[in-house]
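1. Sequence first, then the predicted structure:
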Amino acid sequence: MPRGVIVLLAIAALVVTVAGIKSFSGVVGPTFLALMLTVAVHPLPGWLRRKGFPGWLALLTTLLAVWGILVALVLSLVYSVARLSTILPQYSDKFDDIVNDLQQTLKDHGIGSDQIHKLLSNVDSSKVISIVSDIVGSALGVFSNLVFVLVLLLFMTVDAITYDKRMTILGNMRPDVVSAFQGFASGTRTYLIVSTIFGLIVAVLDVGVLWAMGIPLPFLWGLLAFITNYIPNIGFVIGLVPPALLALLDGGWALMLWVIIIYSAINVIIQSIIQPKFVGDAVGLSVTLTFLSLVFWAWVLGPLGAILAIPLTLMCKALLIDMDPATRWADVLLSDAPPKDDPSPPDDSADKADGEAPPGDALAKPV
């Protein structure tokens, strides 16, 4: 078939696939979350067996550790959201006072009352409280299918026991497929581990700063900063909005500005300067592709898609590009840096200089 027809058929198939994933996002999202957790902890049972643990005990220890982390995270979010819902209504009067002060300031600078009314007509305390609640609720909604994820983790962890043997057998038949799977698992594992470590560092620093500044619920905002650290490019902005608004309601404009400045300094230094140096080689995706993957997967799977955007993109890259040697040229366009090895064909000028004539010249010489 003509290449144009093949491209059109591929686009049509992609549209149908994306529509199907979006329709079953409630199942696909938690399934991929369980898969990512299984990939992340896959080396742990082997390490425990090398330390002398029986196979069943190593598997059970790994499973209980992952379950405990997930359950503790969800319970912390539930408790924090309950505390937030009782605290936010207390700031309604303070928010109204801030809006009135802002109106008076605008009038003092010569802005008419009609313009002020149009500008602030849609600003009220209920909408601001709703924004804060929606952001925190989205973080909790990521784990809404917790029981489903826990059951999937059990089955996937059991199946992962024979993963290495299967890859060895498959490597004798399809080495390119094994290489793609191993690259996906290694890159995803490195990304999740590094993001978790730096997320914990950011969360501890944010909690300490917010606690020192007297911002209510500092541990909730630290937990939110930890979760949003998995969201590339704009994660820290999402985690900044609730504590900044709460600082405005609790201490005024000056306190909010200090929260924004310190939050931005911590997150920009760690997430934009230090963290990319550790995770860049493992991910190998360009900055543009990273941002587009965030937008795309958030649209397809919701908040969970935003958190798992990078692993999802790595899996699609492994399935669609890395498995087939004929499509690996796309890595040059998708990677964050040009390849170290130049894939251009070798220059035969040295052979010509040594007096070795190419086949065409040999045929052109008279006998």
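-> It's in.

2. What segments of the stretch 51-200 of the chain are helices?
-> With DSSP state H, counting those that start in this stretch, the ranges of helices along the stretch 51-200 of the chain come out as 55-87, 92-108, 113-120, 125-141, 146-159, 163-173, 175-213.

3. what's the most buried one of the ones you listed?
-> Mean neighbours per residue, mean count of other C-beta atoms under 10 Å, is largest over the helices of the stretch 51-200 of the chain for helix 175-213, with a mean of 18. (C-beta placed from N, C-alpha, C; glycine too.)

4. Worst mean pLDDT among the helices of the stretch 51-200 of the chain?
-> If the helices of the stretch 51-200 of the chain are sorted by mean pLDDT, helix 113-120 sits at the bottom with a mean of 56.

5. Compare the helices of the stretch 51-200 of the chain and give me the one nearest residue 13.
-> Proximity to residue 13, assessed across the helices of the stretch 51-200 of the chain by C-beta to C-beta, is greatest for helix 175-213 (19.7 Å).

6. and the closest one with helix 55-87, angle?
-> Angle, helix 175-213 to helix 55-87, by axes from the mean of the first three to the mean of the last three C-alpha atoms, to 10 degrees: 40 degrees.

7. What helices and strands are in contact with helix 175-213?
-> Applying 3 or more C-beta pairs under 8 Å, 6 or more residues apart in numbering; DSSP states H and E, we find helix 175-213 packed against helix 25-41, helix 163-173, helix 218-228, helix 235-251, helix 253-267, helix 275-283, helix 309-317.

8. Now for the closest residue to residue 180 other than its chain neighbours, how many residues are close by?
-> What sits nearest to residue 180 in space, not counting adjacent residues and going by C-beta to C-beta, 6 or more residues apart in numbering, is residue 322, at 3.8 Å. Per other C-beta atoms under 10 Å, the neighbour tally for residue 322 reads 21.

9. ok, residue 322 - contacts?
-> Residues counted as contacts of residue 322 (C-beta atoms under 8 Å, 6 or more residues apart in numbering) are 176, 179, 180, 183, 184, 328, 331.

10. ditto for residue 320
-> Contacts for residue 320 (C-beta under 8 Å, 6+ apart) come out as residue 327.

11. any idea how far residue 14 is from it?
-> Counting by C-beta to C-beta, to the nearest Å, the separation of residue 320 from residue 14 is 10 Å.

12. do the same with residue 34
-> Applying C-beta to C-beta to residue 34 and residue 14 gives a distance of 25 Å.

13. So which of the two has more stuff around it?
-> Shown here are residue 34 and residue 14; by other C-beta under 10 Å, residue 34 has more neighbours (23 against 11).

14. Pull out the buried residues from the helix or strand harbouring residue 12.
-> Per DSSP states H and E, residue 12 falls inside helix 3-23. Neighbour-count burial for helix 3-23, with 16 or more other C-beta atoms under 10 Å as criterion, is recorded at residue 21.

15. from the middle of its chain, how far away would it be?
-> 24 Å (C-alpha atoms, centre = their mean, to the nearest Å).

16. That one to helix 309-317, inter-axis angle?
-> Going by the same axes, to 10 degrees, helix 3-23 makes 140 degrees with helix 309-317.
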